[in-house]
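1. Quick one, what's the 3D model for this:
(2 chains)
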Amino acid sequence: EAGVTQFPSHSVIEKGQTVTLRCDPISGHDNLYWYRRVMGKEIKFLLHFVKESKQDESGMPNNRFLAERTGGTYSTLKVQPAELEDSGVYFCASSQDLRWRTDTQYFGPGTRLTVL
Amino acid sequence: KQEVTQIPAALSVPEGENLVLNCSFTDSAIYNLQWFRQDPGKGLTSLLLIQSSQREQTSGRLNASLDKSSGRSTLYIAASQPGDSATYLCAVKGGNSGGSNYKLTFGKGTLLTVNP
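-> Predicted coordinates:
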């Protein structure tokens, strides 16, 4: 069974440009999460999809970030326009169990975003 | 707001040594606690998950304990090997003050180096 995959693995862009990150969850997983780790800080939650619906987007830093999950399969996270402080590693995770007490999240390898 | 702290930030030990990694969290009303391992450039691999009703979990040379009332968990690694070198992350799910049912709150991690 394939794990969570993310593309690209690394992206280098200039301030003001747009970048789109993609996450393909494990097949059949209705829950999809985005997390981010900036240099020197802990991994922080960004948002949670259940199928195509946003369940919790309390961690999204500002309106420059837009996440979508059309059709309830893969998800994209767009940053427009990118700022220097957006640099970090963006992780995607997915889980199958809709019972939150026993939900186990499986993480992808992350996308390292560098904004110059 | 749930906060997770991991001590030490880095640890270097000779091969064969037994070691303990520490994790503390501020809000004891958690649903579960999870220990992850992260290798450079890789995603997070779940090592052990302890439900709030449990005291410990074991997997091979790893043993994780949970003292929910005092807000603490330890990860014990027996007979350490160079292949254990990685960053170890502690994450909790839930907590009355701001933790949603699904999102994980992470510590910054402990960077472990096991020297041959």
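2. what's the helix or strand for the residue nearest the centre of chain A?
-> Nearest to the mean C-alpha position of chain A, by C-alpha atoms, centre = their mean, lies A:W34 at 3.0 Å. For A:W34, the host element (DSSP states H and E) is strand A:31-37.
3. May I have the beta-bridge partners of the residue nearest to the centre of chain A?
-> A:L47, A:C92 (DSSP bridges).
4. Check whether it really touches A:K78, as I assumed.
-> No - when contacts are counted by C-beta atoms under 8 Å, A:W34 is not listed as touching A:K78 (11.4 Å). From N, CA and C alone the C-beta is placed, and that goes for glycine too.
5. which regions of chain A lie under the pLDDT threshold?
-> A:1, A:98, A:100-102 (pLDDT under 70).
6. Next to chain B, which bits of it? Give me the list.
-> A:3-4, A:31, A:33, A:35, A:40-45, A:48, A:55-56, A:58-59, A:91, A:93, A:100-110 (C-beta under 8 Å from any C-beta of the partner chain).
7. Contact partners for B:T26?
-> Shown in contact with B:T26 (C-beta atoms under 8 Å, 6 or more residues apart in numbering or on different chains): B:K1, B:Q2, B:E3, B:V4, B:G71, B:G95, B:S97.
8. Nearest to chain A, out of those residues: which one, please.
-> Ranked by distance to chain A (C-beta to the nearest C-beta), these are led by B:V4 at 7.1 Å.
9. Specify the beta-bridge partners of that closest one.
-> Here B:V4, judged by DSSP bridges, has bridge partners B:F25.
10. For it, give me its contacts.
-> Contacts for B:V4 were tallied using C-beta under 8 Å, 6+ apart; they are A:E42, B:C23, B:S24, B:F25, B:T26, B:C90, B:A91, B:V92, B:T105, B:F106, B:G107.
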